[in-house]
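In: 3D model of this:
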Amino acid sequence: MRVLVVVVVLALVTATLLAIAWRWLRWHLQPVLLVAAAGALLGAASASAHAVALAPEQVDTWVQARATTTVRGVVTSEALIKTPSVSGMWRAAPRREFRLASSSIGARGQVMDVDLPLVVRLPVTASVPPVGAELVLTGRLAPPAPQADSAAIVIVNSRAPQVVQVLAPGWLDAVTGAMRAGLRRSLRGTSPDAGALVAGLAVGDESGQSSMLRSQMRTSGLAHLTAVSGGNVSIVVVAVLALTAVVRLPIIARVAASLLALAFFVVLVGPAPSVIRAAAMAGLVLIGLMAGGRRAGPSVLAASVIVLVILAPGLTASWGFALSAGATAGVILMSSRTAEWLLRWPPTARLPPALRDGLSITMAAQLATVPLLIAMGSSVGWVTLPANVLAMPVVAPITILGLLAALGSPVAPWAAMVLAHAAALPAAWITLVAARCAALPGARLPIPSGLGGVAALAVAVACAWVGVRLVRRAYPDGMPGVVRAFATALLCTVVVVGVLLPPGRRSWPPMGWLMIMCDIGQGDGLLLRTADDAALVVDAGPDPDAMHRCLDDAQVAAVPAVVLTHFHADHVGGLEGVLRDRPVGVVLTTPIRDPPEEAALVDRVAAEHGVVVRTMTAGDVRTVGLVSWRAVWPRRIIPSRSVPNNASIVLIVETGGRRLLLLGDAEPEAQSAISADITGLAYDVVKVPHHGSPYQHPLLPTWAPASVALISVGAGNVYGHPAAATVTAWRAIGALVVRTDENGDAAIVPAASGVAVVVRRGTLG
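Out: Purely as a prediction, here's the structure:
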C-alpha cells in the first residue's frame, strides 16, 4: 500500500511539472525529459519497494519497539571482535558481531518466514559458529545504523546461539579464512592505527580501528580509506591488467584474468554489499571498456547502472551505490576538464604530470559526489581535497602489499610479515594526514545537510556562475591588475579573519572547551571534555535526540563514562541518545533506585547497548583523561521532601586547572549535609541544583562562591524555573548566571584568569 501511494504521488507531481514546463521546452528536449522523468519514477518505485521489502511493516514495528525475538537463519560472515577505543580509564565492553540471513523471525507470539539481512551482536566470550552454519538465537531487536545494509540488529546478551546445523566450509572459504588470519598475525608489531588501516584496505577488516582514527578519517574526508571500497577494487583490476600486459597476454585473456582476480578478491574480503556493488560495477565497466574503448565510458557506465539496478533493485535505495556511480561518472565526464584547468593554472602547471593527473581525478570524483554527501548528511570540509591528494599516492602500495601479505601468509609467514610491515609504513602516512587535516580550523564546513543543503549548494553554484559571467562581460580582455589585487586582498582578509577569529564565535564547539551545558529542555545534560573527541557525560536530559544532537555538535565520538546523578526522567530519559552510535565505557548511578520505573529504563537501555551499570557514592575519586573528580554525596538517605533529589550524586571536578561543582538536583537538606565538604574551596563554575528552583539553601552561594553559575532549564517550563530569588542570590555574590533557556548550549573555556563562557545564542550579562 505504501509503495502504491508513493508511486501515485510521484506520478502526479511529475505529470504536473511536465504540463507546466511543456510549452517552454524546445521539442528536442522533450524526449530527454520524458525519459528522465520515467527513470526517476521507476527508480523511486523500486526504492520504495526495496525499503518495504527490507523491513516489512510487522518486523519494523518489532524493531522500533526493541522487542525480544527468536531468529532462525544462516551465518553469512565471520565474527569480528569490536573493541571501541575510549579515552580515559574505561573502555566500552568488547563484543562480537556477525551477519545473518534470516529464514524466520518471531516476536510477541507471532512468527514470520522472511529472508532479511541482520547483524547479530554477542558478548565477546560467546562462541560463534562458522560461516554457513544454521542457528537459532534469542535476543532483543534494535534499529540498524543509518544507511546500513541490514534490516535490524539482534542483541544477544547471555545465551550463545543454538546451532542447528554446521556446514563445513569449502576449500575456498578455508583458504581465504587462513589468509585473513595470516594477515592479522603478520601485522603484529606495527603501529595499531597503521596496521588497522592495512587490514581495512587489503581485506576489509575494520575491527582494529580506534574511534579516534575513525573520527579523524571522517573529519578529513578519508573515511573511504578505512575499508575496501571501489578504489581498492580498481587497484586490483589495474594491477592484474598491468601484469598481464607485461607478459603480453591477448586482450580476452587479460579481461578473464582480471575478472577471476576480482571474484577471488570479493571472496577474500567477504560478501559485504558495498564490495559486491563495487565489484559488479567494475566487472561490467571492464568488459564494456575493453569492447568499446575509452569513448564508450559514459555509455558503459549508464548500461552498468541499469543492469545492476535491474538485477538488484535495492541499490536504488543505497547511498553507497549512488556515491560509487557518481564518483565514476565524475571521473569519466569531468577529469579531462579538471586536468586542462590544472594545466592552465600556474601553481599546478609545473606539477609532475602523474601528480597532476591524480589531482584531476580526485577533484572530479570529489566534485561529483559533493551533492550526494550533503544530501546524506555527511560532513564536507575544505580539507577533504588536499587530504585525499596527500593520501592518494600511497593507497595502491598499501592495498597491493597488504594483499600480497595475505596471499603469502599461509605458505611463507616470514615473507608475509615483511610485506605487511612494509605496507604499514605508508599507512602511517595516511594516519598522520588524517590527524593533521582534522585538526585544521574549519575542517568541517558549517553547511546544512539534506535537501536544504543541496538547494543551498545549487544556489551557491548558480551565483558563482553568474559572477564569473559578469566579470568576463565587464572585463573581456582580462581583469585589471588593481581589481585583481583588491579581490586577492579581500580573499586573504576573509581567510585570516576566519582563522584568527575566536573559535567560539566562528564555530561550535569552541577550541579547548572544558565543559558544555547542553540545551536539552527541562533537564540536565553536561559534557566534560576528557580528550579531543571524548567527554564524560553527567546526566542525559529527557530527550534522546536532543542529547545525541548535543554530543554530535560537540564532536564527541566516545564517552568514557556516563554519570546519572539520580533517576528522574529529566536526567536519565535521554540515555539512549548518549549510547547511540558511539562507544560508552560505563554508566554510574546513585544507589537510590527511585523512581523504580526510570531505574529499570536505565538498566534496559544500557543492557541493549552492552554497557555495564555501576553505583557510586561519596568518596569515589577518579581521573579520566583531562578530568578528575571527587564525589561528596550521597552518603545516606534523606527521607524528607524529595528522596531522589536528595540522593543526587554531587561532584567536585578538576579540569584544565579549574574547579567545578556539580550539584545535580540536591535540595536544601542535602546541600546542608555537604556544606562542610564544599565550603572553603574556590570554584570557577557551579551547576545550580534543581534547575534553579526555589528549593535552595539560602547560604549555598556563600558556601560555594563561583564566577559562573550555570542553570540548565527549559524555556517556558510549567514549574516556573528558575526562581527569581535563586538567580538574584547567585548574582548577589558576583556570579555570571548562564541559562540554557536564554542562551542555548553554553561552553566553559579557559581564560587567562579563571574561565570564560561561550554561548550559542542571546547575550550574557
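In: Mind giving me the packing neighbours of the helix or strand harbouring residue 463?
Out: In this structure, residue 463 sits in helix 450-474 according to DSSP states H and E. For helix 450-474, the packing partners by 3 or more CB pairs under 8 Å, 6 or more residues apart in numbering; DSSP states H and E come out as helix 353-375. Where C-beta positions appear, they are placed from N, C-alpha and C, glycine not excepted.
In: any idea of the mean pLDDT in the helix or strand following the helix it packs on?
Out: Once helix 353-375 ends, the next helix or strand along the chain (criterion: DSSP H and E) is helix 384-408. Averaged across helix 384-408, the pLDDT comes to 82.
In: what's the spacing between helix 384-408 and its chain's center?
Out: On the basis of CA atoms, centre = their mean, to the nearest Å, helix 384-408 sits 23 Å off its chain's mean C-alpha point.
In: Report the buried residues of that helix.
Out: For helix 384-408, a neighbour-count test (16 or more other CB atoms under 10 Å) marks 384, 386-392, 394-396, 398-408 as buried.
In: Could you do stretch 572-583 as well?
Out: Using 16+ other CB under 10 Å as the test for burial, stretch 572-583 gives 572, 573, 574, 575, 576, 577, 578, 579, 580, 582, 583.
In: can you pull the contacts of the fourth one?
Out: Going back to what we said before, that points to residue 575. 540, 544, 547, 562, 564, 587, 601, 602, 605, 606 (CB atoms under 8 Å, 6 or more residues apart in numbering).
In: If we use 6 Å, what do you get?
Out: Counting by CB atoms under 6 Å, 6 or more residues apart in numbering, residue 575 touches 540, 605.
In: same question, the second one
Out: When contacts are counted by CB under 6 Å, 6+ apart, residue 573 is found next to residue 542.
In: now residue 390
Out: Contacts of residue 390 (CB under 6 Å, 6+ apart): residue 433.
In: I'd say residue 334 and residue 365 touch.
Out: No - assessed by CB atoms under 6 Å, residue 334 is found out of contact with residue 365, at 8.5 Å.
In: So which of these two has more stuff around it?
Out: Comparing residue 334 with residue 365 by other CB atoms under 10 Å, the one with more neighbours is residue 365, at 24 against 17.
In: so how far is residue 426 from residue 183?
Out: Distance, residue 183 to residue 426, by CB to CB, to the nearest Å: 16 Å.
In: Comparing the two, which shows the higher neighbour count?
Out: residue 183 (29 against 19).
In: which residues touch the residue nearest to that one when sequence neighbours are not counted?
Out: Nearest non-adjacent residue to residue 183, counting by CB to CB, 6 or more residues apart in numbering: residue 406, 4.1 Å away. If a contact means CB under 6 Å, 6+ apart, then residue 406 has 179, 183, 202, 203 as its contacts.
In: Name the nearest of those residues relative to residue 155.
Out: Ranked by distance to residue 155 (CB to CB), the contacts of residue 406 are led by residue 203 at 26.6 Å.
In: Give me the pLDDT for the closest one.
Out: The model reports residue 203 with a pLDDT of 81.
In: now stretch 134-145, how far from the chain's geometric center?
Out: The answer for stretch 134-145 is 22 Å, by CA atoms, centre = their mean.
In: got the buried residues for that stretch?
Out: Going by neighbour count (16+ other CB under 10 Å), the buried part of stretch 134-145 is 134, 135, 137, 138, 139, 140, 141, 142, 143, 144.
In: where does the residue lying closest to residue 633 once chain neighbours are set aside fall, phi/psi-wise?
Out: Nearest non-adjacent residue to residue 633, counting by CB to CB, 6+ apart: residue 650, 4.0 Å away. Main-chain torsions, residue 650, degrees, to the nearest 10: phi -120, psi 130.
In: what's the neighbour count on residue 650?
Out: Per other CB under 10 Å, the neighbour tally for residue 650 reads 24.
In: do you know how far it is from residue 530?
Out: Plainly put, residue 650 is 20 Å away from residue 530 if you go by CB to CB.
In: Within the sheet, what are the partner strands of the longest strand along the chain, with directions?
Out: In the chain, with assignment by DSSP state E, the single longest strand is strand 95-107. Sheet pairing for strand 95-107, assigned by DSSP bridges, gives strand 68-75 (antiparallel), strand 80-82 (antiparallel), strand 110-112 (antiparallel), strand 117-123 (antiparallel).
In: who wins for proximity to residue 489 among those?
Out: Per CB to CB, nearest to residue 489 of these: strand 80-82, 51.4 Å.
In: what's the burial count for residue 725?
Out: Neighbours of residue 725 using other CB under 10 Å come to 11.
In: Correction: the previous question concerned residue 644.
Out: Residues near residue 644, counting by other CB under 10 Å, number 20.
In: what's the answer for residue 484, then?
Out: By other CB under 10 Å, 12 other residues sit near residue 484.
In: pLDDT wise, what is it at?
Out: pLDDT recorded at residue 484 is 74.
In: quick one: it and residue 348, what's the gap?
Out: To residue 348, residue 484 is 19 Å away according to CB to CB.
In: just for the stretch 651-765 of the chain, where's the confidence low?
Out: Along the stretch 651-765 of the chain, segments meeting pLDDT under 70 span 765.
In: try 90
Out: Applying pLDDT under 90 to the stretch 651-765 of the chain flags residues 656-657, 680-682, 695, 714-720, 734, 741-743, 750-754, 756, 758-765.
In: next one: the stretch 401-550 of the chain
Out: In the stretch 401-550 of the chain, residues with pLDDT under 90: 402-404, 406-413, 416, 430-512, 521, 531-533, 543, 545, 549.
In: so where do the helices sit in it?
Out: Taking DSSP state H, counting those that start in this stretch as the criterion, the stretch 401-550 of the chain carries its helices at 413-438, 450-474, 481-500, 503-506, 544-553.
In: Kindly reformat the ones you listed as JSON lines containing distance to residue 327.
Out: JSON lines is the format used below for the helices of the stretch 401-550 of the chain (distance: least, CB to CB, whole Å):
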{"stretch": "helix 413-438", "distance to residue 327": "19"}
{"stretch": "helix 450-474", "distance to residue 327": "17"}
{"stretch": "helix 481-500", "distance to residue 327": "29"}
{"stretch": "helix 503-506", "distance to residue 327": "31"}
{"stretch": "helix 544-553", "distance to residue 327": "26"}
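In: between those, which one is nearest to residue 226?
Out: Among the helices of the stretch 401-550 of the chain, helix 413-438 sits nearest to residue 226 (CB to CB), with 9.6 Å.
In: Could you quantify the relative orientation of that closest one and helix 384-408 as an angle?
Out: Put simply, helix 413-438 runs at 170 degrees to helix 384-408, going by axes from the mean of the first three to the mean of the last three CA atoms, to 10 degrees.
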